[in-house]
Each structure stands twice: as structure tokens, then as C-alpha cells.
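Colleague: pasting the sequence and the predicted coordinates here, then a few questions.
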Amino acid sequence: MANAASGMAVHDDCKLKFLELKAKRTYRFIVFKIEEKQKQVVVEKVGEPTDSYEAFTASLPADECRYAVYDFDFVTDENCQKSRIFFIAWSPDTSKVRSKMIYASSKDRFKRELDGIQVELQATDPSEMDLDVIRSRAN
């Protein structure tokens, strides 16, 4: 099921890992990578439930695009424990133009495969997805 615009398929593992994150909370985050040669999106890294947000951001390459999903736990002003699943399109300014284009053209279709995303974030540098941004978007 390749996307006509970019020709990228979504590896089944992407959907399986996302379901585990969403339903069982097996992971804190998942980093996805487009394998151009195989023309598909694959799972590059998963984070343990105990991993910090810093561990997540450190797992994103400084000069390459990635998609990522992060399960953010927080406490509301009413003192309720909640969680939001963030989809982050990481596209640093220093990454290759071709890579940015492939990730941009594949994003919507890939995101549709992951049913249950609550907040989407586009980030070109770490400040655009720091913890304050995540907190403010979660509410």
C-alpha cells in the first residue's frame, strides 16, 4: 500500500509497536525512520516506559528527519493524571532537502496508519519540541 506521492509503505511493525504503546503502554516513545531503499517506514528505536523525555529527544538525530510518537503523562490543574499521544515530525534545518521532502510528503499517510494520535507537532529544532511546548499542547 504505497503512497502515490512518495511511494512509502508502512512496515507492519510500526503499527504493532504503536498499538502496544497506545493500549499496553509498553513503550514511552517510538522513533520511525524512512528506509529509502526499501521504500518503507520502519521502527528505528523504542523507549522503555521509564525513559525520560530527554532520552527521547536524545534519540532523534541532529541532522536527519524522523517521525516519532511520544506518550506524555501529565497532571491537570484539577490534579487528574492524564496522558496524550504526540506525533512529532522531526525535520531539522540541517537535514538534506530531499529527506525533508520525502518525510513531508509521506507524513499524512503515515500518521493515518497510527490510529489514536492526539496531538501533532512539527519541529525543525529542539526548542520547538521542548518539554514546555509539549506541556502547553497537552492541555
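Modeller: Alright, I've got the coordinates.

Colleague: which parts of this protein are strands?
Modeller: Applying DSSP state E to the chain gives strands spanning 9-10, 29-35, 40-47, 66-75, 81-90, 119-123.

Colleague: hmm, Arg84 and Ala138 touching each other?
Modeller: Yes. Contact criterion CB atoms under 8 Å: Ala138 and Arg84 qualify, at 4.6 Å. All C-beta spots, glycine's among them, are computed from the backbone N, C-alpha and C.

Colleague: quick one: which of the strands of the chain is nearest Lys22?
Modeller: The minimum distance between Lys22 and these falls on strand 81-90, with 6.3 Å, by CB to CB.

Colleague: partner strands of that closest one and their direction?
Modeller: In the sheet, strand 81-90 lines up against strand 66-75 (antiparallel), strand 119-123 (parallel) (DSSP bridges).

Colleague: Phe56: which of those strands is closest?
Modeller: The closest of these to Phe56 is strand 66-75. By CB to CB, the value is 5.7 Å.

Colleague: the closest one: which residues count as buried?
Modeller: Using 16 or more other CB atoms under 10 Å as the test for burial, strand 66-75 gives Arg66, Tyr67, Ala68, Val69, Tyr70, Asp71, Phe72.

Colleague: so which residue is smack in the middle of the protein?
Modeller: Taking CA atoms, centre = their mean as the criterion, Ala68 is the residue nearest the geometric centre of the chain, at 1.5 Å.

Colleague: contacts for the longest helix seen in the chain?
Modeller: When the chain is parsed with DSSP state H, its longest helix is helix 97-113. Contact with helix 97-113 is made by 3, 5-6, 8, 10, 14-15, 32, 34, 36, 41, 64-67, 87, 89, 91, 117, 120, as judged by CB atoms under 8 Å, 6 or more residues apart in numbering.
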